[in-house]
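Asks: structure, please.
(one chain, ligands or ions: 1)
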Amino acid sequence: MNDTKLELRDVGVKYVTLQGETDALSDLSLAVRDGEFVAVVGPSGCGKSTLLSLVAGLVRPTSGTVLVAGQPVTGPSRRVGYMLQEDYLFKWRDVAANVVLGLEVQGRLSAASRARALGLLDKYGLSDFKHHLPRQLSGGMRQRVALIRTLAVDPEVLLLDEPFSALDYQTRLTLQDEIWGILRRESKTTILVTHDISEAIAMADRVIVLTKRPGRVKTEYAIETGNGAAAAPLRRRRESAQFARYFDLIWKELEAHVGESGRG
Ligand code: ADP
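Replies: Have a look, this model is predicted:
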């Protein structure tokens, strides 16, 4: 497949600590197409965060290969952007100064790159808040600013690690819609790790279920919600009959894991 943006080939990760060895992932293979949105779910401790750390170049595989745009990942690089549960905005910098931070760190801040970053604030309805400090914004807005900061450096692949889990339910749904809309418009190749099955099904083109540790791909579901709903608002996707069917299937798979291991 030549539009593959990201590929993990037979990847294994073993952590070695004073307490012993842990096989976090084993023989995991996964290919993600350019512009595709993939969600990864699985029992806790099955290696989901490890998978993201591999792609970010923060963890090296013990075996196998990780490729971004056909090139091996050998360490952190600007090709991959990472968004976490915490927004990690600098509290003494205003929104505009936070949004250009990644560019500054990478030594790529210029009049053009600054204009592009501030243009993203504008495009996504945050320009009125340019001179606000993070504490003057709601949790959901801070996460949007954090996303725009990540997009400002124009990564080829975007990693989202439970980015909504610290938010209350209502904010989480709204932010899922907004972030999904932004990522669609920017056509970013995205991997979302989440324990929230609804979030995975609502947002992703494909949901990957991992086995319990050591994690590898157990099942994958191409999400078809009908009515051309790939482009429809998230609300329509959530309300589709197919949504409930996927939820049921994935729920049962994860429940089976809980039965096997005695806990989640
Ligand atoms: P998940 O995100 O699915 O909960 P993780 O990738 O965080 O899973 O962890 C997978 C396994 O690897 C767990 O058993 C965890 O304790 C272990 N692990 C994760 N990071 C490290 C590390 N830096 N050193 C040692 N063990 C680790």
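
Asks: would you map the strands across this structure?
Replies: Secondary structure of the chain by DSSP state E: the strands cover 4-17, 20-33, 37-41, 63-68, 71-72, 80-83, 157-161, 189-193, 206-210, 217-222.

Asks: let me see the contact set for whichever residue of the stretch 51-200 of the chain sits closest to the ligand.
Replies: Closest to the ligand within the stretch 51-200 of the chain is Val193: 6.6 Å, counting by Cβ to the nearest ligand atom. All C-beta atoms are positioned from the backbone trio N, CA, C, and that covers glycine. Counting by Cβ atoms under 8 Å, 6 or more residues apart in numbering, Val193 makes contact with 39-41, 48-49, 51-52, 159-162.

Asks: just flag the most distant two among the residues you listed.
Replies: Spanning the widest gap among those are Val41 and Leu159, at 15.0 Å by Cβ to Cβ.

Asks: centre-most residue in this protein?
Replies: Centroid check for the chain by Cα atoms, centre = their mean gives Leu160 as the closest residue, at 2.2 Å.

Asks: in this structure it contacts Val80, no?
Replies: No: using Cβ atoms under 8 Å, Leu160 is not in contact with Val80, being 11.8 Å away.

Asks: find the closest residue to the ligand in the stretch 151-264 of the chain.
Replies: Closest point on the stretch 151-264 of the chain to the ligand, by Cβ to the nearest ligand atom, is Arg213, at 5.5 Å.

Asks: look up how far Pro43 lies from that residue.
Replies: 8 Å (Cβ to Cβ, to the nearest Å).

Asks: compare the two and say which is more crowded by neighbours.
Replies: Pro43 (23 against 19; other Cβ atoms under 10 Å).

Asks: what separates the more buried one from Val209, distance-wise?
Replies: Pro43 is 9 Å from Val209, by Cβ to Cβ.

Asks: next, count neighbours for the nearest residue to Val59 once chain neighbours are set aside.
Replies: Of all residues not flanking Val59 in the chain, Ser53 sits nearest, at 4.1 Å (Cβ to Cβ, 6 or more residues apart in numbering). Residues lying near Ser53 (other Cβ under 10 Å) number 19.

Asks: Ser53 touches Arg60, doesn't it?
Replies: No: the pair Ser53 and Arg60 does not pass the contact test of Cβ under 8 Å, sitting 9.5 Å apart.

Asks: who in the stretch 151-264 of the chain is up against the ligand?
Replies: Neighbours of the ligand within the stretch 151-264 of the chain, by Cβ under 6 Å from any ligand atom: Arg213.

Asks: mind listing the helices for the stretch 151-264 of the chain?
Replies: With DSSP state H, counting those that start in this stretch, the ranges of helices along the stretch 151-264 of the chain come out as 169-186, 197-203, 234-239, 241-261.

Asks: need those in TSV (columns: mean neighbour count and mean pLDDT).
Replies: Formatted as TSV, the helices of the stretch 151-264 of the chain follow (neighbours: other Cβ atoms under 10 Å; pLDDT from 0 to 100):
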stretch	mean neighbour count	mean pLDDT
helix 169-186	17	88
helix 197-203	23	93
helix 234-239	17	82
helix 241-261	14	83
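
Asks: mind putting those in TSV, distance to Val153 included?
Replies: Below are those laid out as TSV (distance: least, Cβ to Cβ, whole Å):
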stretch	distance to Val153
helix 169-186	12
helix 197-203	22
helix 234-239	26
helix 241-261	33
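
Asks: thinking again about what came up before, how about the nearest residue to the residue of the stretch 151-264 of the chain closest to the ligand once chain neighbours are set aside, what does it touch?
Replies: Of all residues not flanking Arg213 in the chain, Cys46 sits nearest, at 5.0 Å (Cβ to Cβ, 6+ apart). Going by Cβ under 8 Å, 6+ apart, Cys46 touches 210-215.

Asks: mind doing that once more with 10 Å?
Replies: The contact partners of Cys46, by Cβ atoms under 10 Å, 6 or more residues apart in numbering, come to 24-25, 40, 209-216, 218, 257, 261.

Asks: next one: Leu167
Replies: Applying Cβ under 10 Å, 6+ apart, we find Leu167 in contact with 85, 138-140, 142-143, 173-176.

Asks: same deal with Val80?
Replies: 6, 52, 55-58, 68, 73, 150, 153, 155-159, 189, 191.
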